[in-house]
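Participant: predicted model follows, preceded by the sequence.
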Amino acid sequence: MGDIQLAGTFIIGGMVLLTIFGMNVEILETNSLNSLGRMAQENMGEMLSIIQYDFKKIGNQVPRTSNALIAVSDTTISFLADIDQNGSIDTIAYRVGPASETSSTDNPSDRLLYRSVNGVEYDVGLGITQWQLSYFNEDMGSTMALDSIRLIELSLTVETIYGYNEQYGSASWSTQFAPKNMGVL
């Protein structure tokens, strides 16, 4: 009878240990994914401070007779503005690089976001997985005609460059810009 009780004790003890081990693994995974999400949000915040500053300045000090937008597409934008408030009109451009540039990271979808000021380009951030620009006229109709654009919508998603069990921290953001120097809606 004692052997059966001892075996039962080992079985029950083993089940308890497996349950505790399973809970530890789940807690570790949840904690890792939360940390990755927080990292993606911090990365997004750093990029957004630059993007918002620039997009709000589109057309700043550009004569009303000139178009502030130079070129637009669903993933690129180029515009004029006195970005550094020095009395000189600057050319600013944004584009997303190809995923092949970031082949050294774990995330297969991440890309670099590039910002160019007067032809000098540098990366603003790493981890962009989605970057979408949309343009609207004063009637809120979609347009790509540079002289008709009054509102710019930007949607982006940032993911961490490293993941946990092939899951990546992610943060998404979407907003609209109606720079006062492009005309009033």
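Facilitator: Structure received.

Participant: could you list every residue that touches residue 174?
Facilitator: Counting by Cβ atoms under 8 Å, 6 or more residues apart in numbering, residue 174 makes contact with 153-156. C-betas here are computed from N, CA, C, even on glycine.

Participant: going through these, which ones are buried?
Facilitator: Neighbour counting with 16 or more other Cβ atoms under 10 Å marks 154, 156 as buried within the contacts of residue 174.

Participant: max pairwise distance over the contacts of residue 174: which two?
Facilitator: 153 and 156 (10.9 Å; Cβ to Cβ).

Participant: end-to-end on stretch 88-104?
Facilitator: Taking Cα to Cα, to the nearest Å, the first and last residues of stretch 88-104 lie 39 Å apart.

Participant: revised request: answer the last question for stretch 70-83.
Facilitator: By Cα to Cα, the extent of stretch 70-83 from end to end equals 15 Å.

Participant: could you do stretch 146-166 as well?
Facilitator: In stretch 146-166, first residue to last residue: 41 Å (Cα to Cα).

Participant: how far does it sit from the chain's center?
Facilitator: Mean C-alpha position of stretch 146-166 versus that of the full chain (Cα atoms, centre = their mean, to the nearest Å) differs by 5 Å.

Participant: swap in stretch 114-133?
Facilitator: Averaging C-alpha positions (Cα atoms, centre = their mean) puts stretch 114-133 10 Å from its chain's average.

Participant: CA atoms only: put it into CSV for me.
Facilitator: Coordinates of each C-alpha in stretch 114-133 appear next as CSV, following Å, rounded to 0.1, in the frame of the first residue of the first chain:
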residue,chain,number,x,y,z
TYR,A,114,14.6,57.8,-44.8
ARG,A,115,14.3,61.6,-44.4
SER,A,116,16.2,63.9,-46.8
VAL,A,117,16.8,67.6,-46.3
ASN,A,118,18.2,69.5,-49.3
GLY,A,119,19.6,66.2,-50.7
VAL,A,120,21.3,65.0,-47.6
GLU,A,121,19.5,61.7,-46.6
TYR,A,122,19.7,59.8,-43.4
ASP,A,123,17.5,57.2,-41.7
VAL,A,124,14.9,58.4,-39.2
GLY,A,125,14.1,54.9,-37.8
LEU,A,126,14.2,51.2,-38.3
GLY,A,127,11.3,48.8,-38.0
ILE,A,128,8.8,50.3,-40.5
THR,A,129,6.6,47.5,-41.7
GLN,A,130,3.8,49.6,-43.2
TRP,A,131,4.0,53.2,-44.5
GLN,A,132,1.0,54.6,-46.5
LEU,A,133,0.3,58.1,-47.7
